[in-house]
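1. Structure of the sequence below:
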Amino acid sequence: MVLILSVEVPISEVRLVCFAPYDDVMELTVKFLALAKDLTGRDECKLVLDRSDITVEQLLDQIFTAFPRLKEIRRQFILALNLEYLNLDNPSEVIYLGPGDELAVLPPVSGG
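-> Below you'll find the model as predicted:
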């Protein structure tokens with residue numbers, strides 16, 4: 001069972017904190033770029049997850065819980081964990097998080 005607490009605080013202090021009955025807790029730095037930064041109102045945050053092994057789908061659920069406006073670009077953004085793209089087409093893929101890991105939310109890009 002996971003308990004999600006919410007407290008009214010300034011946007012610069014927002015964190016999603018999950019408490020679990022075991023000590024396998026992982027803090028993940030999430031960086032938001034371009035449109036993702038605009039939709040979240042910040043350039044980075046820390047997510048505290050209740051485990052270090054998580055599926056892509058579970059990770060997305062955590063991100064969308066903390067930042068629901070990102071759902072607006074759900075089918076268009078890319079996630080990169082430590083500069084390696086995650087396969088969003090395989091939501092059941094398990095990823096393993098470690099200390100100091102960084103996740104980047106990269107919005108749609110276009111070029112010319």
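2. where exactly do the strands run in this protein?
-> Using DSSP state E, the strands of the chain run over 3-4, 16-19, 26-32, 44-49, 53-55, 78-81, 84-85, 94-96, 102-106.
3. Packing partners of the third one?
-> Okay, so that is strand 26-32. strand 44-49, strand 102-106 (3 or more C-beta pairs under 8 Å, 6 or more residues apart in numbering; DSSP states H and E). The way it works is simple: take the backbone N, C-alpha and C, and place the C-beta from them, glycine included.
4. Going by neighbour count, list what's buried in the last one.
-> Within strand 102-106, the residues scored as buried using 16 or more other C-beta atoms under 10 Å are 103-106.
5. Also the first one?
-> Applying a neighbour-count criterion of 16+ other C-beta under 10 Å, one finds 45, 47, 49 buried in strand 44-49.
6. same question, stretch 50-60
-> For stretch 50-60, using 16+ other C-beta under 10 Å, the buried residues are 50, 54, 56, 58-60.
7. Okay, now the unreliable bits of this protein?
-> Low-confidence regions of the chain, defined here as pLDDT under 70, cover residues 1-24, 111-112.
8. Looking at the buried residues of stretch 50-60, which two lie furthest apart in space?
-> Farthest pair in the buried residues of stretch 50-60 (C-beta to C-beta) is 50 and 56. Separation: 16.3 Å.
9. Can you give the distance of stretch 43-60 from its chain's centre?
-> Relative to its parent chain, stretch 43-60 has a centroid offset of 5 Å by C-alpha atoms, centre = their mean, to the nearest Å.
10. No more questions from me, cheers.
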